[in-house]
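>>> for reference, the sequence and a predicted model appear below.
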Amino acid sequence: MAEKRLDEATNTETVGHEWDGIEELNTPLPRWWLWTFYATIVFAVGYVVAYPAIPMVNKATEGMIGWSSRGQLAKEMDAASQQRSEVVAALANTPIERLNPESPLMRAAISGGAAAFRVNCVQCHGAGAAGSKGYPNLNDDDWLWGGDIKAIEYTLIHGIRQPDADETRFSQMPAFGRDGILSSAEISDVTSFVRSLSDLEPASAAVTRGAALFEANCAVCHASDGTGLREFGAPNLADAIWLYGGSREEVAATITNSRYGMMPAWGERLDPVTVKMLAAYVHSLGGGEDFIEVAEDPEVEVDEAP
Amino acid sequence: MKPPDPQSTPDPLPEGDLIDRALVAKDANPATARKPSTPPPADVPLSLYEKHTTVHPKRIDGPFRRFKWLVMVVTLAIYYGTPWIRWDRGPYAPDQAVLIDLANRRFYMFDIEIWPHEFYFVAGLLIMAGIGLFLVTSAVGRAWCGYACPQTVWTDLFQHVDRFVDGDRNARMRLDKAPWGAGKAARRFWKWTIYLVISFWTGGAWIMYFADAPTLTREFWAGDAAFVAYATVAVLTATTFWLGGFMREQVCVYMCPWPRIQTAMLDEKSLIVTYKHWRGEPRGSLKKSQKNPDKFGDCVDCNQCVAVCPTGIDIREGAQIGCITCALCIDACDKVMKEVGRPRGLIDYATLEDCEREAAGHPPRPVIKTLMHPRTLIYFGVWSAIGVALLFALGSRERTGITVQPDRNPPYMLLSDGSVRNSYTVKLRNMQSRPREMELSIVGLPGATMWTDDMNRDSAARAIVREVAADVALPLRVYVMAPRGSEEQDFSFKVTALDAEGETDSTETAFNAPEAP
């Protein structure tokens, strides 16, 4: 290191290095900078004492004020549920069919349901609730088990074909081909008839033969005109919507092997208010049906026509 | 002090009683020593830091000072008074003439109401303001800096407070140098209190533009106003107090970008405050020049131009960034020239080009010729074209609007009877300050009907009517259903106001459908 000396122009000491005649001034740190630096040191000491800071073998030091990120999250979650508590209590106390569609409570339920839907339902029904093959579209007006808000809530709570759930929505279509009830030629005829119900095939001899087979084997659940029966979740075969596809191959496959779509009983997993919110959301998607009070007379059925 | 001019022999001592003693009192303002032109002695370390020296401008009267008073009164009156002007807009809109209603996202200016999507009017106004600055600069130089800039106006106001409390220039300089004592402390306290009241009033007036002024004033004093109101007043009070009371010309010299931009915009055709050095130099005191009239120019070196300068510069050094062209030095110089019996205008508004012409002995050109140069005309053309376009847009805009957002997931929905349904979020905008019935209808898309989420599908129709409240956008969840076999196609939603004016608006959107099998 060269000898330190004072710079002529500024009277400042040089650091002593020289590169091709260029020297560096040893300008002292500005005072404000230095004091800020000291202040950060003092702050750091206080921080280490107050907050979790130094990693130890199993976990970090805990800090004097007992703060933890997990604790803070819990506090924020508590505050959030505190904020929601009013709506949640009101929803808990209101039977879902008594929710006024125009009320702010319904709007809150729908937006809460939209959030819960994204967490629990999109895996099968899709982000837009449009479903896919085997998973029903919840936007349309075709409901297997009923589309009023009360029926949707029931489906959500008890699920569809949920094992070990007593009140689950349950039905079982025979596997007509696999179990040898119908021959493959007969299945082909029934397929033609089913497809003719929604004008996918013109009238023919196969359709006529299929109609007789349908009346004998299928009409119990799907009704003679193929419009289905909601008590059994038997789909309407005369409409334009096919849960498992409407091509010859797909319909024949359904008749041969049957279908066994399942949905979990969400009542076991979610709290009743979340289920209500989900029902409100699904009902609001555009295909929801009006809830019709069942009259005293037990013989009178709920109107199920779309 | 200014380094000695080699051509002149300045008089070291004030002498002579022809003129008021104050007029020949040597300038003691250290601000004139701002630019050392000789290197400092070797034992003084070089420093890039320049210590601030307070400017104590002297009182002066004259045409430009009176014009400055006028501008100050008018601009301050506009600033403080505008929020209190009332304007009747009927029962559904505020009655404040100028109101920036941030909470409801509306901007009211007399008969004009602007919605957020019409912000281009504000953008256009800002562009006009920008080009207006160019235009003013090109026509009359830094007139904005000298007369209308808030920093100038408030600095001027605070300097009058100084004068009111502490007296004129010399008294203030004496007080500045005087040691602290009860008298000085009392004066300072009194002065800063006045500063603070003005600053508070300034900050307080600002928030009145953002809410109903009388209501906000009541709430403010009752402690019921929003926190942001108090915070805004506090910040603006502090900045006014600091910038107007203490920073003053330093804002113009060091902080403001505009003077820097000005240096790029001014040229030899720009009107600036100029010292006509060919007439003034070599300068000499009145006594000397009377002894040797041939040896000296018109400048009697009385330093009055420096003493009155609110930014503390010496205009005789030429155009400089600190000169805000307030022309107070012209007033001062003209007064002295009158007293010593020489023609006015030794310091005057002039272009550099005209200065050269005058120096060469040509007669001065008429003002109109100075104004009519191409740059000014081009700026004026652009500025007025934008203004006319804005006025046209304002006059022809509709106060009814519609926006449509189609659902993308799912894009379409097959219904059980085979018909296809699409969902849309439609907003009907009623920008009039009265409720209106509006009809939403489908244009195109044969056989299609629509319904909303608050009505039954059975009552679906080609057109639905809704009452839209005053000055709101009504969001509707609309389902459009087209018959079985409909193909993907474009169609339009149209809104028609069902009143005498019958304004309409429409927007095209897509109807999605499954591909034909």
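Arrived safely, thanks for sending.
>>> let me see the contact set for the nearest residue to residue B:326 once chain neighbours are set aside.
Distances taken as CB to CB, 6 or more residues apart in numbering or on different chains put residue B:146 closest to residue B:326, at 3.9 Å, once the chain neighbours are dropped. Every residue, glycine included, has its C-beta placed from N, CA and C. Shown in contact with residue B:146 (CB atoms under 8 Å, 6 or more residues apart in numbering or on different chains): B:68, B:152, B:324, B:325, B:326, B:327.
>>> count the neighbours of residue 264 for me.
No chain in the question, so chain A it is. For residue A:264, the tally of surrounding residues (other CB atoms under 10 Å in any protein chain shown) stands at 17.
>>> was after chain B, sorry
Quick note: residue B:264 (other CB under 10 Å) scores 7 neighbours.
>>> A strand includes it, no?
No. Assigned with DSSP: H, G, I helix; E, B strand; the rest coil, residue B:264 falls outside any strand and is helix.
>>> sorry, back to before: which SS class is the residue nearest to residue B:326?
Applying three-state DSSP: residue B:146 is helix.
>>> just the pLDDT for it.
Confidence at residue B:146, expressed as pLDDT, is 92.
>>> which among the contacts of residue B:146 gets closest to residue B:464?
residue B:152 (58.7 Å; CB to CB).
>>> check contacts around that closest one.
Taking CB under 8 Å, 6+ apart, one finds B:145, B:146, B:252, B:310, B:324, B:326 in contact with residue B:152.
>>> what about 7 Å?
Contacts for residue B:152 (CB atoms under 7 Å, 6 or more residues apart in numbering or on different chains) come out as B:145, B:146, B:324.
>>> distance check, residue B:389 against chain A.
Computed as CB to the nearest CB, to the nearest Å, the residue B:389 to chain A distance reads 43 Å.
>>> distance of that residue from residue B:503?
From residue B:389 across to residue B:503, the span is 22 Å (CB to CB, to the nearest Å).
>>> give me the buried entries from the contacts of residue B:146.
B:68, B:152, B:324, B:325, B:326, B:327 (16 or more other CB atoms under 10 Å in any protein chain shown).
>>> what about the third one, is that helix, strand or coil?
Just to be clear, that refers to residue B:324. Going by three-state DSSP: residue B:324 is coil.
>>> name the nearest residue to it, sequence neighbours excluded.
Using CB to CB, 6+ apart, the closest residue to residue B:324 is residue B:145 (3.9 Å).
>>> can you give me the neighbour number for the one you found?
23.
>>> now for the contacts of residue B:146, which pair is the farthest apart?
B:152 and B:327 (12.0 Å).
>>> which positions within the strand or helix carrying residue A:220 qualify as buried?
Under the criterion of DSSP states H and E, residue A:220 resides in helix A:219-222. The neighbour-count check on helix A:219-222 (16+ other CB under 10 Å) flags A:221, A:222 as buried.
>>> again with stretch B:257-264
Judged by neighbour count using 16+ other CB under 10 Å, the buried positions of stretch B:257-264 are B:258, B:259, B:262.
>>> do the same with stretch A:108-122
Those would be A:108, A:109, A:110, A:112, A:113, A:114, A:116, A:117, A:120, A:121, for stretch A:108-122 by 16+ other CB under 10 Å.
>>> any idea how far the residue nearest to residue B:324 lies from residue B:253?
In this view, residue B:145 and residue B:253 are 11 Å apart by CB to CB.
>>> same question, residue B:469
For residue B:469 relative to residue B:253 (CB to CB), the value is 54 Å.
>>> neighbour count: those two, which is higher?
Ranked by neighbour count (other CB under 10 Å), residue B:469 and residue B:253 place residue B:253 first, with 19 against 12.
>>> part of a strand, is that one?
No. Counting by three-state DSSP, residue B:253 is not found in a strand; it is helix.
>>> mind listing what the residue nearest to it when sequence neighbours are not counted touches?
Closest residue in space to residue B:253, ignoring its immediate chain neighbours: residue B:322 at 5.1 Å, by CB to CB, 6+ apart. Shown in contact with residue B:322 (CB under 7 Å, 6+ apart): B:249, B:252, B:253, B:311, B:313.
>>> let me see the contact set for the second one.
Neighbour list for residue B:252: B:145, B:151, B:259, B:311, B:322, B:324 [criterion: CB under 7 Å, 6+ apart].
>>> now for the residues you listed: which two are most distant?
B:151 and B:322 (13.0 Å).
>>> name the SS class of the residue nearest to residue B:206 when sequence neighbours are not counted, please.
In space, and not counting its chain neighbours, residue B:206 is closest to residue B:236: 5.3 Å by CB to CB, 6+ apart. Of the three states, residue B:236 takes helix under three-state DSSP.
>>> and residue B:271, how far is that from chain A?
Residue B:271 is 42 Å from chain A, by CB to the nearest CB.
>>> cool, and residue B:506?
Using CB to the nearest CB, residue B:506 is found at 24 Å from chain A.
>>> specify the beta-bridge partners of that residue.
Residue B:506 has these beta-bridge partners by DSSP bridges: residue B:494.
>>> close enough to count as contact, it and residue B:492?
Yes. Counting by CB atoms under 7 Å, residue B:492 is a contact partner of residue B:506 at 4.8 Å.
>>> which residues are common contacts for those two?
residue B:443.
>>> what ranges in chain A fall below the confidence cut-off?
A:1-4, A:294-306 (pLDDT under 70).
>>> give me that answer again for 90
A:1-31, A:58-63, A:66, A:97-103, A:141, A:164-166, A:198-199, A:285-306 (pLDDT under 90).
>>> of all the residues in stretch B:368-377, which ones are buried?
Residues of stretch B:368-377 classed as buried: B:370, B:373, B:375, B:376 (neighbour count, 16+ other CB under 10 Å).
>>> what are the contacting residues of that stretch?
Contacts of stretch B:368-377 (CB under 7 Å, 6+ apart): B:135, B:138, B:139, B:269, B:271, B:351, B:354.
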